[in-house]
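Q: have a look at this fold, sequence not included:
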């Protein structure tokens, strides 16, 4: 009898152990077996929730899916940036970055960036550079721009001087926050505030800035832009137009061009794509990886300035449209890394804020000093200084918008021209700035 009870006890113990082992290996349970060795005075938590890695809706290797989504964000950013109050404050470029940042951080896109996003970023930057610069015709800029060209030159000098002071004062803080990318971002911000966003992108690409540092610099600069442009508009309110004799004919000429070339044809679009591809190829062929964009910029400016006007002017509307489209795609890819961007912005907010405070403050003080010393008789009328400053800080589009909103019809065409001059020279100025301060 006792022997039978002993056998039954062994069988029961064996079955109980198998049930416990099976239960402990269940994916929804983590139970510690009592006979396993444990660390003294420690208690393992009971985890009843399965640990699964968040799977993005669009896979990292889905090229067309990523391109489709990022292209959609480039479109949505323009709608959001023009039709909503928040979007108008951010602007379409930052709206594009913010939208892709949100979706990359919530699992729609793969966080950290993907190979398709990087390929689209590279392609959009490469193609946008020559397309936007086909409008940078430097011929006859002195008679067509008039005194505004001198005001823009001083505005650009003010930006370069401000960035030099900013790096001397904040360089160590920027380096602590951004590491080796600090001087690159400072150079890119200088280029952006002489030319425009395309120059910021080109300098970052040429000097190999990280995506996180790129996004941090652009985001903080746009915060300052939210303060700068309303102040500029407020200062311009109520000022009359400046009267000049040469601009009236220029405006009539621009009106005839607009009516003649208002429609964009398939032939013009195809020709613009061919010219851009050829210029990019020549830049890579003779400039290498680091020098491809600067050489492409130089070749494009030469072509726009030396080609017959009958050939180049009909192509400019199509090139501007395609280049702007490519640039929006680039900004959409800039937010694709997701939360990595937020960490870089948080780390660099104060150093970049101090740098940009000096940039905008010294820029404005320098132009105010020009007005006090030279005055309107020296070509430094406040209207021209405000438009020149807007062309340097925001590019030709913002300068034209300021002139139109203020009713300064005589400054509309010249503001577009000086803005294109900024596009043409700012990338080289930014690279020169980097080379100079990297020697210290």
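A: Yep, that arrived. Because the structure is predicted, anything quoted here is derived from the model rather than measured.

Q: could you say which helix or strand holds residue 129?
A: Assessed by DSSP states H and E, residue 129 sits inside helix 115-133.

Q: quick one: that helix to chain centroid distance?
A: Distance, stretch centre to chain centre, for helix 115-133: 12 Å (Cα atoms, centre = their mean, to the nearest Å).

Q: give the buried residues for that helix.
A: Residues of helix 115-133 classed as buried: 116-117, 120-121, 123-133 (neighbour count, 16 or more other Cβ atoms under 10 Å). From N, CA and C alone the C-beta is placed, and that goes for glycine too.

Q: stretch 73-86 now?
A: 73, 74, 76, 77, 78, 80, 81.

Q: in which helix or strand does the fifth one reside?
A: What it means is residue 78. helix 63-83.

Q: tilt between that helix and helix 115-133?
A: 50 degrees (axes from the mean of the first three to the mean of the last three Cα atoms, to 10 degrees).

Q: what is the rounded mean pLDDT of helix 63-83?
A: Taken as a whole, helix 63-83 has an average pLDDT of 87.

Q: from residue 88, how far out is residue 175?
A: As judged by Cβ to Cβ, to the nearest Å, residue 175 and residue 88 stand 35 Å apart.

Q: how about the helices in the stretch 251-400 of the chain?
A: 266-306, 309-312, 316-334, 339-373, 382-394, 396-406 (DSSP state H, counting those that start in this stretch).

Q: closest one to residue 97 among the ones you listed?
A: helix 316-334 (4.9 Å; Cβ to Cβ).

Q: any buried residues in the closest one, and which?
A: 316-320, 322-334.

Q: what is that helix packed up against?
A: helix 63-83, helix 92-105, helix 115-133, helix 197-206, helix 211-236, helix 266-306 (3 or more Cβ pairs under 8 Å, 6 or more residues apart in numbering; DSSP states H and E).

Q: swap the cut-off to 6 Å and go again
A: Judged by 3 or more Cβ pairs under 6 Å, 6 or more residues apart in numbering; DSSP states H and E, helix 316-334 is in contact with helix 63-83, helix 92-105, helix 115-133, helix 266-306.

Q: would you list those in JSON lines and tack on distance to residue 193?
A: Formatted as JSON lines, the helices and strands packed on helix 316-334 follow (distance: least, Cβ to Cβ, whole Å):
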{"stretch": "helix 63-83", "distance to residue 193": "20"}
{"stretch": "helix 92-105", "distance to residue 193": "15"}
{"stretch": "helix 115-133", "distance to residue 193": "17"}
{"stretch": "helix 266-306", "distance to residue 193": "17"}
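
Q: rank these by mean pLDDT and give me the bottom one.
A: Between these, the lowest average pLDDT goes to helix 92-105, which shows a mean of 80.

Q: by how many degrees do it and helix 63-83 diverge?
A: Taking the same axes, to 10 degrees, one finds helix 92-105 and helix 63-83 inclined to each other by 130 degrees.

Q: list the buried residues for helix 92-105?
A: 92-101, 103-105.

Q: what do you get for stretch 230-242?
A: With burial defined by 16+ other Cβ under 10 Å, the residues of stretch 230-242 counted as buried are 232, 235, 236, 242.

Q: cool, stretch 207-226 as well?
A: In stretch 207-226, counting by 16+ other Cβ under 10 Å, buried: 207, 209-225.

Q: ok, stretch 297-313 next?
A: Buried-residue list, stretch 297-313, by 16+ other Cβ under 10 Å: 297, 298, 299, 300, 301, 303, 304, 312, 313.

Q: my guess is the fourth one contacts residue 130. True?
A: Yes - in this structure, residue 300 is within contact of residue 130 by Cβ atoms under 6 Å, at 4.4 Å.

Q: in the stretch 151-300 of the chain, where is pLDDT below threshold?
A: Low-confidence segments of the stretch 151-300 of the chain (pLDDT under 70): 243-262.

Q: mind running it again at 80?
A: Within the stretch 151-300 of the chain, the ranges that satisfy pLDDT under 80 run 222-223, 226, 243-262, 289-291.

Q: out of the buried residues of stretch 73-86, flag the one nearest to residue 269.
A: Of the buried residues of stretch 73-86, the one sitting nearest to residue 269 (Cβ to Cβ) turns out to be residue 74, at 18.1 Å.

Q: ok, now how distant is that closest one from residue 57?
A: Noted for residue 74: a distance of 19 Å to residue 57, by Cβ to Cβ.
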